[in-house]
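[1] What shape does this take:
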Amino acid sequence: MSVTEGQQAPDFALPAADGNMVRLSDLRGKKVVLYFYPKDDTPGCTKEACSFRDNLEALQEMGVAVIGISPDGVASHQRFAQKYGLTFPLLADEGAQVAAMYGVWKEKKQYGRTYMGIERTTFLIDEAGVVRKVFPKVKVDGHVEEVIEAVRSLEG
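    Have a look, this model is predicted:
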């Protein structure tokens with residue numbers, strides 16, 4: 001299954017790095033940037049997380065909540081958030097059920113090896129819980145700027 005634009009975003013509840021459960025439905029009334037990333041503290045994922053961190057204030061001023069999701073556990077998320085001063089929730093999707101529900105748990109190939117993993121993808125969800133924009137196969141450079149532009153176009 002893959003989540004597409006115009007569709008209601010599937011609800012979920014996952015533990016955050018701070019130990020609290022985060023439910024997507026609890027964020028109704030806010031725009032949500034939900035970004036799936038492969039692994040804590042790896043070069044691309046760190047760059048992406050820090051880019052969201054550096055633009056968090058601008059996004060929050062536009063009424064946007066930012067949430068990162070990866071298959072890493074809570075302890076890994078805690079270390080990652082602490083190391084880089086990440087103040088938005090990082091959710092532990094151990095077992096990748098939510099990633100699968102959103103269609104971002106894919107077969108990947110690297111160094112001649114095939115494995116299952118996250119395809120870096122961002123979803124922009126509106127206040128009513130509807131997916132307004134999907135950014136598949138995200139390239140980290142310039143991505144947050146694309147997200148901010150998409151948020152602005154929603155406000156249009």
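[2] From now on I want contacts and neighbour counts done on CA atoms only, so please keep to that.
    Fine.
[3] Ala99 in helix, strand or coil?
    Three-state call for Ala99 (DSSP: H, G, I helix; E, B strand; the rest coil): helix.
[4] can you pull the contacts of it?
    Phe36, Ser70, Asp93, Trp105, Ile118 (C-alpha atoms under 8 Å, 6 or more residues apart in numbering).
[5] From these, list just the buried residues.
    Phe36, Ser70, Asp93, Trp105, Ile118 (16 or more other C-alpha atoms under 10 Å).
[6] So which of these are in helices?
    Taking DSSP state H, every one of the buried ones among the contacts of Ala99 sits outside helices.
[7] I'd like the residues you listed laid out as JSON lines, including distance to Glu145 and pLDDT.
    Formatted as JSON lines, these follow (distance: C-alpha to C-alpha, whole Å; pLDDT from 0 to 100):
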{"residue": "Phe36", "distance to Glu145": "17", "pLDDT": "98"}
{"residue": "Ser70", "distance to Glu145": "21", "pLDDT": "97"}
{"residue": "Asp93", "distance to Glu145": "26", "pLDDT": "98"}
{"residue": "Trp105", "distance to Glu145": "25", "pLDDT": "96"}
{"residue": "Ile118", "distance to Glu145": "22", "pLDDT": "95"}
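[8] ok, Glu94 touching Ala75?
    No. In this structure Glu94 lies outside contact range of Ala75 using C-alpha atoms under 8 Å: 11.6 Å.
[9] now stretch 143-156: mean pLDDT?
    Taken as a whole, stretch 143-156 has an average pLDDT of 91.
[10] Quick one: residues in contact with it.
    Counting by C-alpha under 8 Å, 6+ apart, Glu48, Ser51, Phe52, Asn55, Leu59, Met62, Leu124, Lys133 sit against stretch 143-156.
[11] Please produce a ChimeraX select command covering the buried subset of the residues you listed.
    Here is the ChimeraX command that picks out the buried ones among the contacts of stretch 143-156, judged by 16+ other C-alpha under 10 Å:
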select :48,51,52,59,124,133
